[in-house]
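Visitor: Dropping a prediction and its sequence here:
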Amino acid sequence: MELLPTELQSFGERDFNKIAFTSQAIKSGQINENLSILSSSLNSLDKELNSQVSLHHEELLQQVNNVKDLESMLNTIQSGVDKLHSNVSKISKEIKGPTAIISEKTKQLGRIQETSDLLRKINRFLLLAGKLKGHLQGGNRELSKAAQCLHELEMLRKESTLSLGGIQIVDSEVRWILKANEDVTNISSRMLIQGLETQNQMEVSSALQVFYNLGMLRSKVDASMAMIGDRLSKAISNTFSPLNNEENRSHVWTRIEKLMDTLHVCCIQIWHLQRVLSKTKSTNHSFLIDELVKQNQPSIVQIFWRDFTLKLTQRFQSSLSSGSFIENTFSTEFPKLNRFFHDFLKRLQNHYEMKQSKTNLSLEDQNLFLNSLQQYRQSFQKKSFSRMTEFYNKVFIGHNTLPTMEDNIKLLDCICEEIENAQSSTEELGIIIAKLASEIIHHFATKIESLIATTEAVFNPELCSPYHSRNIKLFNLACHFHFTLTSIFPSSSYVRDHLSQSLAHLEQSAFSIINPLFSKLTNHLEQSILAIHKEDFDDSSVSKQVQTCSPYIKNIQTQIYNVYTHYISKLTNGVWLKQKLNQLGQRLLKYFLRHATLIRPLGESGKLKLTADMAQFELAVATIQPLNTLGSAYQELRALRSFVFKELDQIPNCSEKDILPPSSVFHHLFSRAPSSLLLPHQLHKWNIAQYSDWMDQHTENQIWNLLKECLDSYASQVNAKGEKQFTPIYPIILDLAPNLLKQKPVE
């Protein structure tokens with residue numbers, strides 16, 4: 001393209017059209033000019049060609065030689081190709097013949113093979129049919145083998161390849177084979193039903209083996225479960241069919257009893273079915289249950305259990321919302337219904353245990369069954385609590401009015417009846433109602449506390465004020481309430497465990513009533529005992545006639561009589577009162593003992609007078625509490641009666657000193673000492689009552705420390721006066737102290 005002038009560039013294009021170019025030159029009328037240009041261009045091209053040939057003459061000659069070589073090679077290749085075509089033609093003629101023969105023979109062989117397979121299949125079919133006839137003649141014992149034949153015959157007949165249809169000898173056997181299949185299925189179905197009803201393991205196992213061999217195991221097991229489920233559904237429906245007459249209440253429980261019986265039978269049948277499936281092996285030596293239930297899947301029993309509990313729950317829920325006679329009966333007499341359900345579970349569990357079955361009802365399964373009554377249980381709880389609350393409200397009608405004993409008894413009867421009714425069903429229900437009753441008891445105790453008279457009244461032992469009369473009545477109500485419940489429900493009862501907190505609250509309320517009263521009684525009688533220090537027990541003033549008791553003792557006797565008559569006798573005689581009287585009796589004996597040892601001076605005649613007073617005092621205390629129940633307090637007072645007559649040289653070895661409190665021993669020895677050996681209240685300028693109150697708040701060791709101060713003060717005085725010896729009492733006290741305090745370091 002570069003050799004051509006610009007105006008002839010189109011001659012070098014691939015799509016150059018000479019006709020179009022010529023036509024264009026003619027139309028333009030410049031033919032001569034164009035010819036001239038073309039001639040000039042041709043000359044230029046010739047020159048250029050000559051120039052190129054001259055420049056590349058050697059190369060062009062070499063190329064000409066190469067072309068000759070190529071032509072020679074092409075001729076050689078062409079000759080080889082021709083030979084190859086000739087050889088291929090020869091080989092093709094040699095192969096096509098045998099190939100056609102082989103193809104034809106192959107088709108013939110295939111037909112022969114197919115015919116042979118069909119004949120073998122027909123032969124197998126006829127052989128199985130013959131075996132089937134033999135097994136059918138063998139009766140029920142051969143049903144499993146007959147089923148195996150039937151299943152294989154059916155598989156042969158239904159195979160898509162080499163169909164047996166249209167073969168006369170086969171078709172003639174099919175009709176009676178189908179009839180035999182139907183007969184075997186029906187016989188096995190009846191055998192399964194009968195075996196489940198009678199729990200005959202052999203019959204059930206044989207029937208299941210037949211169904212497995214027929215390939216119908218799953219469908220027949222499902223059908224059996226459905227049949228049992230339908231029977232149970234009908235029983236549930238019959239249980240809840242309408243009853244409108246109150247006289248038919250007994251029929252309700254008859255129906256429930258029948259339902260539980262039906263449920264028990266159905267569960268046993270399902271359990272028996274699963275048990276046999278777990279023991280029966282298939283033809284491949286695996287258990288039949290493995291064909292139906294895979295690992296981690298629920299068992300047949302669990303599936304049935306969950307299905308029927310769902311039906312039962314739905315039916316109970318629908319009946320509860322209907323407000324029917326049956327619903328009212330179940331709600332009112334729920335403990336009876338609940339007992340039926342629990343008895344069923346026990347009955348079923350006992351059956352499993354008797355059969356030594358590995359199948360046991362799990363806690364989850366039991367709760368699933370019992371929860372079908374959940375709404376009735378809640379309804380009963382509400383009604384039970386409502387009944388107890390109603391009686392509680394009747395007891396406390398007015399804001400500040402004391403309840404009557406009659407209303408108190410009615411409330412107690414209601415609580416006991418509700419708990420005992422629930423107890424008669426199950427422990428679980430008894431606990432639920434006991435907790436509700438405990439709430440009522442808590443309310444009762446709280447109400448008793450709110451009714452306690454708190455306005456302080458002057459204590460008069462000869463007349464019980466309205467203040468104290470009110471509180472005594474409240475105490476008696478609380479006492480009767482508590483003692484009634486504890487006598488009906490002993491400490492070994494599980495009900496008592498769930499009433500314990502509320503009963504403790506009631507006991508606390510009762511003691512909050514009588515503690516202040518007994519505190520006043522104790523203080524009043526202690527004041528009477530303090531009058532002992534107004535008596536003179538010195539030999540110079542004591543009359544030789546010591547048979548009669550001192551005036552303060554007579555006063556104590558009178559006060560105890562008045563206290564018992566106007567207060568104690570009005571309180572309910574029970575454990576609480578005995579506890580308080582025991583505390584009161586011990587306190588009086590210990591208080592008297594303390595102040596008897598603080599008497600100073602105490603002469604020989606005074607000792608006789610004191611022991612006479614002690615005897616009369618014991619008799620007075622015995623009117624409120626037997627002395628043999630007062631333990632160490634009575635033993636200590638008895639020990640003092642002989643201890644006061646011991647000589648000084650006898651005291652270190654006498655047994656009475658080990659019975660008495662150390663402080664009492666020391667006080668009595670102080671009373672034998674000269675007046676210069678002061679007692680603690682004398683040393684510290686206290687009165688005798690203050691010293692007594694101080695001793696109530698301190699231990700024996702602390703009392704000894706105070707007495708030791710008195711001994712040290714006495715020793716200092718003796719040393720200051722230059723006296724050469726102490727009173728004989730002084731070393732005896734110091735010698736006794738370590739052993740006595742070691743025996744009774746703390747009170």
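Guide: Good, I have the coordinates.
Visitor: Only C-alpha atoms from now on, for both contacts and neighbour counts.
Guide: Noted.
Visitor: Residue 463 belongs to a helix?
Guide: No. Looking at residue 463 with DSSP: H, G, I helix; E, B strand; the rest coil, it is coil, so not inside a helix.
Visitor: and it, what are its phi and psi?
Guide: phi -150, psi 120 (degrees, to the nearest 10).
Visitor: Okay, now the unreliable bits of the stretch 151-300 of the chain?
Guide: Scanning the stretch 151-300 of the chain for pLDDT under 70 picks out 152, 156-166, 168-172, 245-247.
Visitor: now the strands for it?
Guide: Taking DSSP state E, counting those that start in this stretch as the test, none of the stretch 151-300 of the chain falls into strands.
Visitor: And the residue nearest the centre of the chain, how far from residue 369?
Guide: Among the residues of the chain, the one closest to the centroid is residue 363, at 9.6 Å (CA atoms, centre = their mean). Going from residue 363 to residue 369 by CA to CA, to the nearest Å gives 10 Å.
Visitor: In terms of secondary structure, what does the longest helix seen in the chain contact?
Guide: Criterion DSSP state H: the longest helix present in the chain is helix 57-137. For helix 57-137, the helices and strands in contact under the criterion 3 or more CA pairs under 8 Å, 6 or more residues apart in numbering; DSSP states H and E are helix 143-158, helix 168-198.
Visitor: Relative to residue 19, how far out is residue 31?
Guide: For residue 31 relative to residue 19 (CA to CA), the value is 14 Å.
Visitor: who's more crowded, the two?
Guide: residue 31 (14 against 9; other CA atoms under 10 Å).
Visitor: Now the helix or strand where residue 336 lies: average pLDDT?
Guide: Using DSSP states H and E, residue 336 sits within helix 334-354. In this model, helix 334-354 has a mean pLDDT of 91.
Visitor: how far does that helix sit from the chain's center?
Guide: 20 Å (CA atoms, centre = their mean, to the nearest Å).
Visitor: can you pull the contacts of residue 652?
Guide: Shown in contact with residue 652 (CA atoms under 8 Å, 6 or more residues apart in numbering): 732, 736.
Visitor: Restricting to C-alpha, output stretch 709-717 in CSV.
Guide: What follows is stretch 709-717, C-alpha atoms only, in CSV (Å, rounded to 0.1, in the frame of the first residue of the first chain):
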residue,chain,number,x,y,z
GLU,A,709,-13.0,-8.1,148.0
CYS,A,710,-14.9,-8.4,151.3
LEU,A,711,-12.3,-11.0,152.5
ASP,A,712,-9.4,-8.8,151.5
SER,A,713,-11.0,-5.8,153.2
TYR,A,714,-11.5,-7.9,156.3
ALA,A,715,-7.9,-9.0,156.2
SER,A,716,-6.7,-5.4,155.8
GLN,A,717,-8.7,-4.3,158.8
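Visitor: And the contacts of that stretch?
Guide: Contacts to stretch 709-717, defined as CA under 8 Å, 6+ apart, come from residues 676-680, 683, 726, 730.
Visitor: now do 7 Å
Guide: Here stretch 709-717 makes contact (CA atoms under 7 Å, 6 or more residues apart in numbering) with 676-680, 683.
Visitor: buried residues in that stretch?
Guide: Neighbour counts over stretch 709-717 (16 or more other CA atoms under 10 Å) mark 710-711, 713-715 as buried.
Visitor: Same check on stretch 348-363?
Guide: 348-349, 352, 361.
Visitor: what's the answer for stretch 392-399, then?
Guide: 392, 394-396.
Visitor: on that earlier part again, which is the next helix or strand following the helix holding residue 336?
Guide: Defined by DSSP H and E, the subsequent element after helix 334-354 is helix 363-370.
Visitor: angle of whatever helix or strand comes next after that next one against helix 334-354?
Guide: Following helix 363-370 in sequence order, the next helix or strand is helix 374-395 (DSSP H and E). Helix 374-395 runs at 140 degrees relative to helix 334-354, counting by axes from the mean of the first three to the mean of the last three CA atoms, to 10 degrees.
Visitor: what's the spacing between helix 374-395 and its chain's center?
Guide: Using CA atoms, centre = their mean, the offset of helix 374-395 from its chain centre is 25 Å.
Visitor: go on, stretch 607-625?
Guide: The answer for stretch 607-625 is 61 Å, by CA atoms, centre = their mean.
Visitor: cool, stretch 248-255 as well?
Guide: 34 Å.
Visitor: ok, now how distant is residue 227 from residue 243?
Guide: For residue 227, the distance to residue 243 - CA to CA - is 28 Å.
Visitor: same question, residue 436
Guide: Separation of residue 436 from residue 243 (CA to CA): 32 Å.
Visitor: neighbour count winner among these two?
Guide: Ranked by neighbour count (other CA under 10 Å), residue 436 and residue 243 place residue 436 first, with 23 against 15.
Visitor: That one is in contact with residue 385, isn't it?
Guide: Yes. The criterion here is CA atoms under 7 Å, and residue 436 meets it with residue 385 at 6.3 Å.
Visitor: And the next helix or strand past the helix or strand harbouring residue 593?
Guide: Counting by DSSP H and E, the element that carries residue 593 is helix 575-597. If you walk from helix 575-597 toward the C-terminus, the next helix or strand you reach (DSSP H and E) is helix 604-622.
Visitor: Enumerate the positions of the next helix or strand after that following helix that are buried.
Guide: Remark: after helix 604-622, the chain's next helix or strand is helix 631-643, criterion DSSP H and E. In terms of neighbour count (16+ other CA under 10 Å), helix 631-643 has its buried residues at 633-641, 643.
Visitor: Now the host helix or strand of residue 406: buried residues?
Guide: Residue 406 is part of helix 405-423 when elements are defined by DSSP H and E. Residues 405, 407-416, 418-423 are the ones in helix 405-423 that count as buried (16+ other CA under 10 Å).
Visitor: Tell me which residues are up against it.
Guide: Helix 405-423 is contacted by residues 335, 384, 388, 391-392, 394-395, 429-430, 433-434, 437, 477, 481 when judged by CA under 7 Å, 6+ apart.
Visitor: If we use 8 Å, what do you get?
Guide: Residues from elsewhere that reach helix 405-423 (CA under 8 Å, 6+ apart): 335, 384, 387-388, 391-392, 394-395, 429-431, 433-434, 437, 477, 481, 484-485, 488.
Visitor: Buried ones among the residues you listed?
Guide: Neighbour-count burial (16+ other CA under 10 Å) applied to those gives 335, 384, 388, 391-392, 394-395, 429-431, 433-434, 437, 477, 481, 485.
Visitor: Show me which pair in those is furthest apart.
Guide: Among the buried ones among the contacts of helix 405-423, the pair separated by the greatest distance (CA to CA) is 335 and 477, at 30.5 Å.
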